[in-house]
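Engineer: starting from these lines, generate the structure:
(one chain, ligands or ions: 1)
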Amino acid sequence: MSNPLLQQLNDLEQEFETKLNDLSSDTDKLTQAELLNFKSYYLGKKGALSEILKGLKSVSPEQRKEIGPRANELKDKFLNRLDRELKGLEINEINQKLASKKIDTSLLERDLALDQFAGAYHPRNLIQREIEDVFLSMGFEILDGPHIEDEFHNFEALNIPADHPARDMQDTFWFDKSGNDSEQSGHLLRTHTSTIQVRGMLSRKPPFRFIAPGIVFRCERTDASHEMVFTQLEGMMVGEDISVGNLIYFMKTILKEIFKKDVEVRLRPGFFPFVEPGFELDIKCLICNGKGCSVCKQTGWVELLPCGMVHPNVLKAGNIDPEKYNGFAFGLGLDRLVMMKYGIEDIRHLQSGDLRFNTQFKAY
Ligand code: FA5
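Structural biologist: A predicted model of the protein is given here:
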């Protein structure tokens with residue numbers, strides 16, 4: 001005996017397929033609302049599938065057993081098909097939205113003026129970061145210290161007593177000593193980052209190694225290689241059996257990492273009350289290639305990296321036993337290093353705040 005409901009279900013499947021294909025053939029016009037209407041027409045409570053199933057009452061139990069699974073199969077099939085169509089529609093809508101919001105990146109290239117407003121690191125910061133990375137990789141800490149110092153940290157603890165002529169070489173800006181505020185007497189703007197040697201020694205136990213970059217202040221006449229506010233990078237390593245060989249190794253490492261090529265240097269004796277022996281490490285002037293210019297004061301060499309073995313009196317001031325420990329220290333002139341690296345012929349450009357100067361340097 002033929003099963004009329006089964007025939008109706010087969011016809012419904014055919015009809016569903018044909019109509020859905022017609023609808024989805026034009027995805028640009030098809031909307032979600034149309035698809036949802038379509039769904040409720042076939043699968044809703046009063047939809048075509050439910051209507052056919054109302055006829056179950058009038059068929060034999062054997063026929064009913066055939067129709068149940070077939071109806072469920074159709075329902076799943078319709079749902080899957082509609083689901084796929086809806087997803088396709090969503091993606092299509094997203095793509096359309098994206099297309100309408102497309103950014104034309106070529107605009108930035110054409111409008112060069114915008115480039116001026118893009119941030120850029122100051123060349124000094126670029127070099128400072130590089131040096132910090134090199135020293136961090138060699139186990140050094142990075143320390144900081146106050147710009148306003150007292151005489152103890154700036155001079156006395158560094159073996160420069162009040163009447164020492166070395167104080168004249170670092171004339172600076174003093175806070176009013178004559179005022180009633182006794183707290184302020186003997187305070188000054190630090191003349192070098194060597195103050196952090198003292199702070200570093202007093203706050204840690206040997207062995208230790210650190211660097212300390214920062215600005216310093218001196219009452220100077222400015223010229224192509226001298227500023228009143230400039231930057232130094234101090235370094236100190238204290239332990240047992242530290243030698244001049246260790247010192248030279250670290251100095252060479254900085255220069256190799258920064259210049260990425262061989263640069264000519266010379267080491268000569270230098271006097272600083274806080275080191276013994278003391279050295280001046282000069283670099284062959286890269287502005288004039290040693291021929292002589294205003295940066296190197298016609299000598300062909302630029303004073304860059306004074307250094308030496310820490311004086312026993314300095315270790316004592318830092319509560320370190322000089323019989324047991326020794327060490328080295330250096331005070332790199334960061335601005336001059338930047339000048340040599342980038343071929344800047346006047347230190348005053350660095351503080352000029354001129355965007356045409358500052359934006360020329362990019363991280364590498
Ligand atoms: C010092 O300041 C010592 N504290 C350095 C030191 C540290 C020596 C540890 C030994 C051990 P000096 O005054 O030479 O030294 O300055 C150090 C470097 O700072 C110089 O080599 C130079 O590169 C830079 N420098 C000095 N004066 C100026 C200035 N007015 N403008 C720009 N750079 C300067």
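Engineer: surely residue 5 and residue 60 touch.
Structural biologist: No - contact criterion C-beta atoms under 8 Å: residue 5 and residue 60 do not qualify, at 10.8 Å. (Glycine included, C-beta is placed from N, CA and C.)
Engineer: please say which of the two ends up with more neighbours.
Structural biologist: Using other C-beta atoms under 10 Å as the criterion, residue 5 and residue 60 rank with residue 5 on top: 20 against 9.
Engineer: and the helix or strand where that one lies, what's buried?
Structural biologist: In this assignment (DSSP states H and E), residue 5 forms part of helix 4-24. For helix 4-24, burial by neighbour count (16 or more other C-beta atoms under 10 Å) applies to 5, 6, 8, 9, 12, 13, 16, 20, 23, 24.
Engineer: name the element the residue most central in space within the chain belongs to?
Structural biologist: Residue closest to the mean C-alpha point of the chain, counted by C-alpha atoms, centre = their mean, is residue 129 at 9.2 Å. Assigned by DSSP H and E, residue 129 belongs to helix 123-137.
Engineer: quick check: mean pLDDT of that helix?
Structural biologist: Taken as a whole, helix 123-137 has a mean pLDDT of 94.
Engineer: pLDDT and distance to the ligand added to the buried residues of helix 4-24, as CSV?
Structural biologist: CSV is the format used below for the buried residues of helix 4-24 (pLDDT from 0 to 100; distance: C-beta to the nearest ligand atom, whole Å):
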residue, pLDDT, distance to the ligand
5, 88, 99
6, 90, 98
8, 92, 97
9, 93, 93
12, 94, 91
13, 94, 88
16, 94, 85
20, 89, 80
23, 83, 78
24, 81, 75
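Engineer: stretch 236-248 close to the ligand?
Structural biologist: No - using C-beta under 6 Å from any ligand atom, stretch 236-248 stays clear of the ligand, with a minimum separation of 7.7 Å.
Engineer: any idea how far apart the tips of that stretch sit?
Structural biologist: 13 Å (C-alpha to C-alpha, to the nearest Å).
Engineer: show me what the helix of greatest length in the chain is packed against.
Structural biologist: Taking DSSP state H as the criterion, the chain has its longest helix at helix 61-100. Here helix 61-100 touches helix 4-24, helix 32-43, helix 48-53, going by 3 or more C-beta pairs under 8 Å, 6 or more residues apart in numbering; DSSP states H and E.
Engineer: name the helices or strands packed onto the shortest one?
Structural biologist: Spelled out, it's helix 48-53. helix 4-24, helix 32-43, helix 61-100.
Engineer: mind giving me the domain ranges of this structure?
Structural biologist: What automatic domain parsing lists as the domains of the chain is 4-100, 117-358.
Engineer: mean pLDDT lowest where, among these?
Structural biologist: Minimum mean pLDDT among the domains of the chain: domain 4-100, a mean of 87.
Engineer: quick one: it to chain centroid distance?
Structural biologist: Computed by C-alpha atoms, centre = their mean, to the nearest Å, the chain-centroid distance of domain 4-100 equals 57 Å.
Engineer: flag every residue of the protein that's near the ligand.
Structural biologist: Looking at the ligand, the residues of the chain close enough under C-beta under 6 Å from any ligand atom are 192, 194, 218, 220, 226-227, 230, 232, 272, 275, 278, 303-304, 306-308, 329-331, 333, 335-336, 347.
Engineer: next, the contact list for the residue in the chain positioned nearest to the ligand, please.
Structural biologist: Relative to the ligand, the nearest point of the chain is residue 333 (1.8 Å; C-beta to the nearest ligand atom). Residue 333 makes contacts with 230, 231, 232, 303, 304, 305, as judged by C-beta atoms under 8 Å, 6 or more residues apart in numbering.
Engineer: now, of those, which are buried?
Structural biologist: 230, 231, 232, 303, 304, 305.
Engineer: would you map the helices across the stretch 251-364 of the chain?
Structural biologist: Assigned by DSSP state H, counting those that start in this stretch, the helices in the stretch 251-364 of the chain fall at 312-317, 334-342, 355-358.
Engineer: Throw those helices into TSV and include mean neighbour count and distance to residue 166, thanks.
Structural biologist: As requested, those are arranged in TSV below (neighbours: other C-beta atoms under 10 Å; distance: least, C-beta to C-beta, whole Å):
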stretch	mean neighbour count	distance to residue 166
helix 312-317	19	13
helix 334-342	23	21
helix 355-358	12	35
